[in-house]
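J.: Pasting the sequence and the predicted model now:
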Amino acid sequence: MNGVADVIVVGGGPCGSTAAASLAKHGAKVTVFEEHARIGTPSHCPGHLSIKGLKQLGLFPLPAKIVENTFCGATFYSPKGNAFSIRFSEPITCIVDRVLFDEHIAEIAKAAGATYELESRVDSLLIRDGFVRGAAIKRKDRTDKLSAEIVVDGEGISSRLLKQIGLQTLDQHALANGVEAEVENVKNLQSDMVEVFLGREYAPGFYAWLIPKNDEQAKIGLAAKMGNPRELLQKLMLKHPVASEKLRKARILRAAFHPIALGGLIPRAYSNGFLAVGDAASHVKPTTGGGIILGMTCAQIAAQVASKALQSNDLSTGFLSLYQKRCEQVLGFDMNVMLRIRRMLDAMSDSEIDGLISAGRALGLDKTLLNMRDIDFQGRSLLHVLQSPRMLAFIGYLLFLHLTANP
């Protein structure tokens, strides 16, 4: 072996760095391996985060240079351009520069004592007697072996390491292919509102978004379970009845492509000497595709469990199963609700979505939904509004749509 650590963390993204920071604070010797030359690159995500979620993680307020804009709500557009808006009295979300945000979380981990090695890729796990005992690290000119008591896998959606130890990976049928871009020369922006475009014609199986940065710059993107994301984005920019008015003359400054896991938690994100966090464990909201807040929440849980395992000298599957149990206690109900909402939306035709948007506006549902302030734990938020007469009427309309569409 070429070295020893208590914990190896695979990947220097927000989830890996959150786990590293917490573990280091508990006294563990932590080494984070990041395959790229700079933390946060390449960026595949617009960085749209809930302010409440950041506060719960102890990260808000963020340094001013990281925050690009804040938002008081969102406007949802049907395929025909019908609009439904929810506006709060104060900002509830923000967008961040993902490179600077990721670096900020890494600096917190370094300050706690974690070590980072860039341009160092975890090539494979070292397995002995059924336990993960470290990793083979591939650098520019050599491959080293580093032993460790436990490996925390924050590698992202590729699931390479999960496959190596025989754990079930992400549900391939629930993946959506996404594109995220930054654009300039955008017209008629609602500077404090995110815009969401629904419908199979432009984003089958998911949705498209427009997130203002300033007067004429924005982050745009979409994800889809069918079709080519690049072609669908061009179609949205040129042909959507509302988006085209804003984006027809826009110029794309950069674009990135990345799949999004929408299938809910993987059945088991742990093994002997091993825990998976973030996208690798599908800690992602099936409704919106957002995973930073949920992933960092679970990364904190992973660090707590791993710290206890190190103290107890018990890195077995039996002990580490506590991680899965706690994640399911924290996320399980909300994930189940969000999965049901995602399936319902996926089953709706464009004409049904048009009717949905129109009904929500006619019933004044925006006033009821102002009580849903927690956009990360959406199942619990939904419980607060279900007994509203407006919501009951809306649910009745949904049932009517379903019955008439499926006689």
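T.: Cool, the structure landed. Numbers count the residues shown, from 1 in each chain.
J.: switch to C-alpha atoms for all contacts and neighbour counts from now on
T.: Noted.
J.: now the helices: where do they sit in this structure?
T.: For the chain, the helices defined by DSSP state H cover 14-25, 51-56, 98-112, 160-164, 229-239, 243-247, 292-312, 317-347, 350-362, 365-369, 378-385, 389-405.
J.: highest average neighbour count across the ones you listed?
T.: helix 14-25 (a mean of 28; mean count of other Cα atoms under 10 Å).
J.: hang on, the earlier thing: could you dump the helices of the chain to TSV with distance to Met193?
T.: Conversion of these to TSV gives the following (distance: least, Cα to Cα, whole Å):
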stretch	distance to Met193
helix 14-25	25
helix 51-56	14
helix 98-112	19
helix 160-164	38
helix 229-239	18
helix 243-247	14
helix 292-312	20
helix 317-347	22
helix 350-362	17
helix 365-369	14
helix 378-385	19
helix 389-405	23
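J.: dump the residue contacts of Arg373.
T.: When contacts are counted by Cα atoms under 8 Å, 6 or more residues apart in numbering, Arg373 touches 92, 381.
J.: so what pLDDT did the residue nearest the centre of the chain get?
T.: Among the residues of the chain, the one closest to the centroid is Gly291, at 1.8 Å (Cα atoms, centre = their mean). The score at Gly291 is 95. That number is its pLDDT.
J.: Same check on the one 10 residues further on?
T.: Model confidence at Ile301, given as pLDDT, is 98.
J.: my read: it touches Gln329, true?
T.: No - in this structure, Ile301 is not within contact of Gln329 by Cα atoms under 8 Å, at 11.0 Å.
J.: rank the helices of the chain by pLDDT, which is bottom?
T.: When these are ranked by mean pLDDT, helix 389-405 comes last with a mean of 60.
J.: Nearest to Tyr270, out of the helices of the chain?
T.: The closest of those to Tyr270 is helix 317-347. By Cα to Cα, the value is 6.4 Å.
J.: helices or strands up against the closest one?
T.: strand 270-271, helix 292-312, helix 378-385 (3 or more Cα pairs under 8 Å, 6 or more residues apart in numbering; DSSP states H and E).
J.: List of residues touching the second one?
T.: Where contact means Cα under 8 Å, 6+ apart, the residues beyond helix 292-312 that reach it are 14-16, 18-20, 22-23, 26, 28, 49-50, 53-54, 57, 149-150, 275, 277-279, 283-285, 315, 319-320, 322-323, 326-327, 331, 376.
J.: same deal with the last one?
T.: When contacts are taken as Cα under 8 Å, 6+ apart, the neighbours of helix 378-385 outside the stretch itself are 333-338, 368-369, 371-375, 391.
J.: Could you rerun that using 6 Å?
T.: Identification of contacts with helix 378-385 by Cα atoms under 6 Å, 6 or more residues apart in numbering yields 334, 337, 372, 374.
J.: can you state the direction angle for that helix and helix 317-347?
T.: 60 degrees (axes from the mean of the first three to the mean of the last three Cα atoms, to 10 degrees).
J.: could I get helix 378-385 in CSV with only the CA atoms?
T.: The C-alpha atoms that make up helix 378-385 are tabulated as CSV, following Å, rounded to 0.1, in the frame of the first residue of the first chain:
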residue,chain,number,x,y,z
GLN,A,378,-42.4,18.4,-0.7
GLY,A,379,-44.5,15.6,0.7
ARG,A,380,-44.6,17.2,4.1
SER,A,381,-45.4,20.6,2.6
LEU,A,382,-48.3,19.0,0.6
LEU,A,383,-49.9,17.8,3.8
HIS,A,384,-50.4,21.4,5.0
VAL,A,385,-52.4,22.3,2.0
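J.: Quick one: distance of it to the chain centre.
T.: Between the centre of helix 378-385 and the centre of its host chain there is 19 Å, according to Cα atoms, centre = their mean, to the nearest Å.
J.: Could you do the first one as well?
T.: Strand 270-271 sits 22 Å away from the centroid of its parent chain (Cα atoms, centre = their mean).
J.: neighbours of Ala37, just the number please.
T.: For Ala37, the neighbour count with other Cα atoms under 10 Å is 12.
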